[in-house]
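Trainee: only geometry, no sequence info:
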């Protein structure tokens, strides 16, 4: 993600002076991103129009080294419990 995209979603749809200043800051962020020579972009991305050169890469993972049962025991998770891994 990029911060200009994130912050823009929180701006009210008003024309107050404060909102104008915030829009200007977001525009400055966008211009800073324009200066980048390359974006290495992972899956699940948001729109990033500021970047001219984009290289899409897959998610990078490694294979497990410890058996599931051993990991659950170390973490105190019962073998029959449902586990969801949520990553941001």
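Mentor: Yep, it's here. As the structure is a computational prediction, the values presented were derived from the model and not from experiment.
Trainee: Okay, strands next: where are they in the chain?
Mentor: All strands of the chain, identified by DSSP state E, fall at 39-41, 54-56.
Trainee: separation between the closest residue to residue 27 other than its chain neighbours and residue 45?
Mentor: Sequence neighbours aside, residue 4 is the residue nearest to residue 27 in space, at 7.8 Å (criterion: C-beta to C-beta, 6 or more residues apart in numbering). The way it works is simple: take the backbone N, C-alpha and C, and place the C-beta from them, glycine included. Computed as C-beta to C-beta, to the nearest Å, the residue 4 to residue 45 distance reads 14 Å.
Trainee: Please identify the buried residues of the longest helix seen in the chain?
Mentor: Using DSSP state H to define each element, the chain has its longest helix at helix 17-34. Under the neighbour-count criterion of 16 or more other C-beta atoms under 10 Å, helix 17-34 has 22, 26, 29-30, 33 buried.
Trainee: what about it, average pLDDT?
Mentor: Average pLDDT, helix 17-34: 92.
Trainee: and it, how far from the chain's centre?
Mentor: 20 Å (C-alpha atoms, centre = their mean, to the nearest Å).
Trainee: from what I can see residue 69 touches residue 79, true?
Mentor: Yes: Residue 69 is within contact range of residue 79, at 6.5 Å (criterion: C-beta atoms under 8 Å).
Trainee: Let me see the contact set for the spatially most central residue of the chain.
Mentor: Closest residue to the average C-alpha location of the chain: residue 1 at 4.2 Å, with C-alpha atoms, centre = their mean. By C-beta atoms under 8 Å, 6 or more residues apart in numbering, the residues touching residue 1 are 45-46, 48.
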